[in-house]
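Colleague: The following block contains a protein sequence and its predicted model.
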Amino acid sequence: MDTDSTLIEGLATDLDGSFEALVLAHQDRLYSIALRFLGEPRDAEEAAQDALVRAYRALAGYDASRIRDLRLRPWLATIVLNLCRSRRARRPAAARGAVSLDAPLPADLEPRADEARGPAATAHARATALEWADLLLTLPPAYRSAVVLRHVDGLSYPELAIALDRPEGTVKAQVHRGLALLRTAFASAQRREREEMTA
């Protein structure tokens, strides 16, 4: 991204003067990643804030050439994912609730309603989105991380490989397998729902 290259140059020459621009450019995406991984808005907010603090501390210890070599999006994604994994591991299994897609997202990430759709279509779309979000939380962490970074954050496969510190072929397989697991779980849930309606 051109804005990231400008941002990186600013961070390399004046960390304190440019760090606010990094926060403004990336806080929403870090929150979105954390929310889809953790499922709790409060935890996601804390993880995103902690990720930015860790990023600042790390950058303060880097020399200018190391900062210029950073791939900012995957580097920040790595930081927030590591924090999310740690938070999730510390929570008791019973506290790992389902994510709600009704949780408020930053305004520029909030989906826009199609005004031509009626209330029934909007309600159906929302119910389906909630079901997918719940299913996403059931994926094993390796698959969830890959799917969230690829399809929620929009990282490319090379960036995904950097963020997850795995070969590109491995992350492609994890995304593919994660999506297959989601489709299977969704089809199974739909089948159960139809059976319950006819019983």
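Modeller: Thanks, I have it. Numbers count the residues shown, from 1 in each chain.
Colleague: what about the helices in this protein?
Modeller: Per DSSP state H, the chain carries helices over the ranges 2-13, 15-38, 41-61, 64-68, 72-90, 119-136, 141-147, 157-164, 168-198.
Colleague: Least reliable of the ones you listed by average pLDDT, please.
Modeller: Set side by side, these differ in mean pLDDT, and helix 119-136 is lowest with a mean of 76.
Colleague: Flag every buried residue along that one.
Modeller: 131, 133-136 (16 or more other CB atoms under 10 Å). (C-beta placed from N, C-alpha, C; glycine too.)
Colleague: Stretch 184-191 too?
Modeller: residue 185.
Colleague: now stretch 152-171
Modeller: Of the residues in stretch 152-171, 152-153, 155, 159-164, 166, 171 count as buried by neighbour count, 16+ other CB under 10 Å.
Colleague: Switch those over to JSON lines; also include distance to residue 90.
Modeller: Below are the buried residues of stretch 152-171 laid out as JSON lines (distance: CB to CB, whole Å):
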{"residue": "152", "distance to residue 90": "23"}
{"residue": "153", "distance to residue 90": "23"}
{"residue": "155", "distance to residue 90": "26"}
{"residue": "159", "distance to residue 90": "28"}
{"residue": "160", "distance to residue 90": "25"}
{"residue": "161", "distance to residue 90": "27"}
{"residue": "162", "distance to residue 90": "26"}
{"residue": "163", "distance to residue 90": "22"}
{"residue": "164", "distance to residue 90": "21"}
{"residue": "166", "distance to residue 90": "24"}
{"residue": "171", "distance to residue 90": "26"}
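Colleague: farthest-separated two in those residues?
Modeller: Between any two of the buried residues of stretch 152-171, the greatest separation by CB to CB is 18.1 Å, found for 152 and 166.
Colleague: Around residue 47, count how many other residues there are.
Modeller: By the criterion of other CB atoms under 10 Å, residue 47 has 28 neighbours.
Colleague: Please give me every residue in contact with it.
Modeller: Residues near residue 47 by CB atoms under 8 Å, 6 or more residues apart in numbering: 30, 34, 38, 80, 83-84, 87.
Colleague: can I get the residues you listed in JSON lines with neighbour count and distance to residue 47?
Modeller: Listed next are the contacts of residue 47 as JSON lines, based on neighbours: other CB atoms under 10 Å; distance: CB to CB, whole Å:
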{"residue": "30", "neighbour count": "27", "distance to residue 47": "8"}
{"residue": "34", "neighbour count": "27", "distance to residue 47": "4"}
{"residue": "38", "neighbour count": "24", "distance to residue 47": "7"}
{"residue": "80", "neighbour count": "28", "distance to residue 47": "6"}
{"residue": "83", "neighbour count": "23", "distance to residue 47": "5"}
{"residue": "84", "neighbour count": "27", "distance to residue 47": "5"}
{"residue": "87", "neighbour count": "18", "distance to residue 47": "6"}
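Colleague: All set, thanks.
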